[in-house]
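Novice: My questions are about this predicted structure, shown below with the sequence.
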Amino acid sequence: MFSFKTLLVTTLLVSVMTVGIPKSGMANDADFTLRNKTGYQIDEVYVSVRSSKNWGKDIMGSDALDDGEKVNIVFPHGNGACRFDLKVKYHDDGSTAEWSDVNLCEYETITLFWDRKNEVTRAVGE
């Protein structure tokens, strides 16, 4: 049978383990989760150093991100960089959406929404 002291220590340990890990505790501060709530499939995702004219390779590779799904984006960037440009390409018509100078060290998740009224994809950092 557990003593009160054992129960208290176990409760404290569980409490410490379930507290969310701060963004600074992640393997790389700029890595993030991308959540698709646009209503459309996203085939390609690009992340580049801000103001770069070169998008590089699609970091999704041959994978796609269906509406309602999320994916962890892990990419090489080094030097503690935080500000990046993002670009996605949609499956349906090949159209793209871009965001400049996004501080990825500030957010764990970027959620994409399609704004029908303004016909634009918006990105919300959480």
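Specialist: Looks like it came in fine. Numbering: from 1, shown residues only.
Novice: Which helix or strand contains residue 51?
Specialist: Residue 51 is part of no helix or strand, with elements assigned from DSSP states H and E.
Novice: what's it in contact with, if anything?
Specialist: 85, 100, 101 (CB atoms under 8 Å, 6 or more residues apart in numbering). Backbone N, C-alpha and C define where each C-beta goes, glycine included.
Novice: which of the residues you listed has the most neighbours?
Specialist: Among these, the one with the most neighbours (other CB atoms under 10 Å) is residue 85, at 17 neighbours.
Novice: so what's residue 50 up against?
Specialist: So residue 50 contacts 83, 84, 85, 100, 101, 102 (CB under 8 Å, 6+ apart).
Novice: now it, nearest residue through space, not along the chain?
Specialist: Nearest in space to residue 50, with sequence neighbours left out and distances taken as CB to CB, 6 or more residues apart in numbering, is residue 83 at 4.5 Å.
Novice: now swap in residue 111 and tell me
Specialist: Closest residue to residue 111 in three dimensions, ignoring its sequence neighbours and counting by CB to CB, 6+ apart: residue 35, at 4.2 Å.
Novice: can you tell me how far the residue positioned nearest the centre of the chain sits from residue 118?
Specialist: Relative to the mean C-alpha position of the chain, the nearest C-alpha, by CA atoms, centre = their mean, is the one of residue 33, at 2.5 Å. Plainly put, residue 33 is 25 Å away from residue 118 if you go by CB to CB, to the nearest Å.
Novice: Thank you kindly, that will do.
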